[in-house]
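Asks: Here's my sequence, what's the structure:
(one chain, ligands or ions: 1)
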Amino acid sequence: PELGSGGAAAAGGGEAASSQISDAEWEDMMEGFDERSYLNARRWKPGDDPYTLYAFNQRESERIPSDRALKDTRHYRCTTLHYDSDLPLTSIIITFHNEARSTLLRTIKSVLNRTPVHLIHEIILVDDFSNDKSDCQLLTKLPKVKCLRNNKREGLIRSRVQGADAARAKVLTFLDSHCEVNKDWLPPLLQRIQQDPTCVVSPVIDIINMDTFAYVAASADLRGGFDWSLHFKWEQLSPEQQARRTDPTQPIKTPIIAGGLFVIDRSWFNHLGKYDTAMDIWGGENFEISFRVWQCGGSLEILPCSRVGHVFRKKHPYVFPEGNANTYIKNTRRTAEVWMDDFRLFYYSARPAARGKSYGDVRGRVELRKKLKCKSFKWYLDNVYPELKVPDDSDSQSGVIRQRQNCLESGKVEGQETPVLTLAPCTGAEGAPANNQDSHYSMFGASVEAVI
Ligand SMILES: [Mn+2]
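Replies: Purely as a prediction, here's the structure:
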């Protein structure tokens, strides 16, 4: 049954029971959690490199209190907005694998301290097979906190689906495990979903410095973008888009979400096919869900009046069983095959290494796309991301690729279907290259691909 679309007082059944905690009970629970011993058990030891375990400064994270004050980084006009009193409740889902205790705890405490209690149905921690299961278990002493644990490593995508399947509130809020939510972060997100349940919304993601843990405001004039290799990047709004934004509190439509933090109506999430659970560990899932939301009748927005800080790192602290690049290619290749139609060829051109990699069975996802009667990738490009330049003939050149006296040349090899490229002395005349040295090549992003 669809539970509770009202405030705690209006909601019926189990949801109300778990949402109604008296102030005294709340205080008892907050005080009942032995923070000092939780943190002390796994503290950084002097002499150790503070970056080894988590790829951010563990020592600095531990020096900062779990309930530190943050600067309110919103535009001042956000502070004058009012939100409905009957916003839907949310289940907050935080997945993690071997997260620093200090950072995970600060994520949760920031949520408990800066969110109207009656809007949180539960906080579901999904422990993706961390080495120490008490990292998660001990936190269930805190109000609203539940813990699910995988009995093998599943990765972010399947872990999030586990959390979503267990969630009971009307709205799902996905958070990363090294965040701090800022003042009034949740009401704008819930209100937008109440207005339009097909909208999938993200906060502006402020920056928590990985060395100092300083909380730094991010620009609110950014949206998510990408190139043909399916590499995510933040993009400045164009001058025209800027000019159209007369009200800095208005939502920003975005072609893609960064993926770590977003809010979605639970039945809409289920209707759209959750996530592609054949994707591994991390990476590429934000493309899949973004294309799917847009092409299947929804939209993606960044809400500038909601701010959440996130620790941005330079590398992943954990291992990918099949290697980082292979996992990213498998996940993005599944996305390209299911959602990009013939435009997937530009993906292969930009990421030639993806061609030969296996990506598993996508028939179920193709079926899903059919069943939901989703629009084409051309529609997405025309209507959502016209700024993404589609390579045309002017991007591809032909001629000789030459290194001193040698030219790139193609030749057949016994028993192999595709020709092999080698360097050999140039044979054609100036301006009239020999046939096997006449190359057609195109450049997308960082890679050059030659077809002879
Ligand atoms: Mn993260």
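Asks: Do me a favour and get the end-to-end distance for stretch 289-306?
Replies: End-to-end distance for stretch 289-306: 21 Å, by CA to CA, to the nearest Å.
Asks: which parts of that stretch are buried?
Replies: 289-296, 298, 300-306 (16 or more other CB atoms under 10 Å). Every residue, glycine included, has its C-beta placed from N, CA and C.
Asks: what about it, distance to the chain center?
Replies: 12 Å (CA atoms, centre = their mean, to the nearest Å).
Asks: Over to stretch 24-41?
Replies: 31 Å.
Asks: can you check stretch 184-192 too?
Replies: On the basis of CA atoms, centre = their mean, stretch 184-192 sits 19 Å off its chain's mean C-alpha point.
Asks: Give me the mean pLDDT for that stretch.
Replies: Averaged over stretch 184-192, pLDDT sits at 98.
Asks: what residues does it touch?
Replies: Stretch 184-192 is contacted from outside by 74, 78, 81, 83-84, 87-88, 90, 114-116, 119, 171, 173, 199, 201, 203, 251, 263, 301, 303, 305-308, using CB atoms under 8 Å, 6 or more residues apart in numbering.
Asks: Filter these down to the ones in strands?
Replies: Cross-referencing the contacts of stretch 184-192 against strands under DSSP state E gives 90, 171, 173, 199, 201, 203, 263, 301, 303, 305-308.
Asks: Include distance to residue 421 and pLDDT when you put the residues you listed into CSV, please.
Replies: CSV is the format used below for these (distance: CB to CB, whole Å; pLDDT from 0 to 100):
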residue, distance to residue 421, pLDDT
90, 54, 98
171, 53, 98
173, 50, 98
199, 48, 98
201, 47, 98
203, 47, 98
263, 48, 98
301, 46, 98
303, 49, 98
305, 54, 98
306, 51, 98
307, 50, 98
308, 48, 98
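Asks: Which member of those residues is positioned nearest residue 155?
Replies: Nearest to residue 155 among these, counting by CB to CB, is residue 173 at 19.8 Å.
Asks: Tell me the bridge partners for that closest one.
Replies: With DSSP bridges as the criterion, residue 173 is bridged to residue 92, residue 263.
Asks: how close does it sit to residue 200?
Replies: To residue 200, residue 173 is 11 Å away according to CB to CB, to the nearest Å.
Asks: And for residue 179?
Replies: Distance from residue 179 to residue 200, by CB to CB: 18 Å.
Asks: try residue 268
Replies: For residue 268, the distance to residue 200 - CB to CB - is 8 Å.
Asks: okay, these two: which has more neighbours?
Replies: Counted by other CB atoms under 10 Å, residue 268 and residue 200 do not tie: residue 200 has more neighbours, with 26 against 20.
Asks: quick one: the more buried one from residue 96, how far?
Replies: Per CB to CB, residue 200 is found 22 Å from residue 96.
Asks: got the residue ranges for the helices in the stretch 151-300 of the chain?
Replies: Applying DSSP state H, counting those that start in this stretch to the stretch 151-300 of the chain gives helices spanning 156-166, 186-195, 239-244, 266-271, 285-295.
Asks: Show the backbone phi and psi for the one residue sitting closest to the centre of the chain.
Replies: Taking CA atoms, centre = their mean as the criterion, residue 259 is the residue nearest the geometric centre of the chain, at 1.6 Å. In this entry, residue 259 is assigned phi and psi values of phi 110, psi -30 (degrees, to the nearest 10).
Asks: any weak-confidence spans in the stretch 301-450 of the chain?
Replies: For the stretch 301-450 of the chain, applying pLDDT under 70 flags the ranges 393-399, 412-419, 429-450.
Asks: Where do the helices of it begin and end?
Replies: 324-339, 344-350, 363-371, 377-383.
Asks: For the last one, buried residues please.
Replies: Think helix 377-383. 377, 380, 381.
Asks: Between the two ends of stretch 179-190, how far is it?
Replies: OK, stretch 179-190 end separation, CA to CA: 19 Å.
Asks: what's the domain layout of the protein?
Replies: 13-311, 393-451 (automatic domain parsing).
Asks: hey, least reliable of those domains by pLDDT?
Replies: Among those, domain 393-451 scores lowest, with a mean of 63.
Asks: tally of neighbours for the nearest residue to residue 151 once chain neighbours are set aside?
Replies: Spatial nearest neighbour of residue 151, excluding adjacent residues (CB to CB, 6 or more residues apart in numbering): residue 129 at 6.8 Å. For residue 129, the count of nearby residues is 15 (other CB under 10 Å).
Asks: Contacts only, for residue 210.
Replies: Residue 210 makes contact with 55, 56, 57, 311, 312, 313, 314, according to CB under 8 Å, 6+ apart.
Asks: Residue 96 versus residue 59, what's the distance?
Replies: 20 Å.
Asks: between the two, which one's more packed in?
Replies: Between residue 59 and residue 96, counted using other CB under 10 Å, the more crowded position is residue 96 (22 against 17).
Asks: Hmm, residue 104 and the more buried one touching each other?
Replies: Yes - Residue 96 lies in contact with residue 104 (CB atoms under 8 Å); the separation is 6.2 Å.
Asks: is it fair to say the residue nearest to residue 151 lies in a strand?
Replies: No - using DSSP: H, G, I helix; E, B strand; the rest coil, the secondary structure at residue 129 is coil, not a strand.
Asks: list residues touching both of residue 268 and residue 200?
Replies: Joint contacts of residue 268 and residue 200 (CB under 8 Å, 6+ apart) are residue 298.
Asks: Having no further points to raise, I will conclude here.
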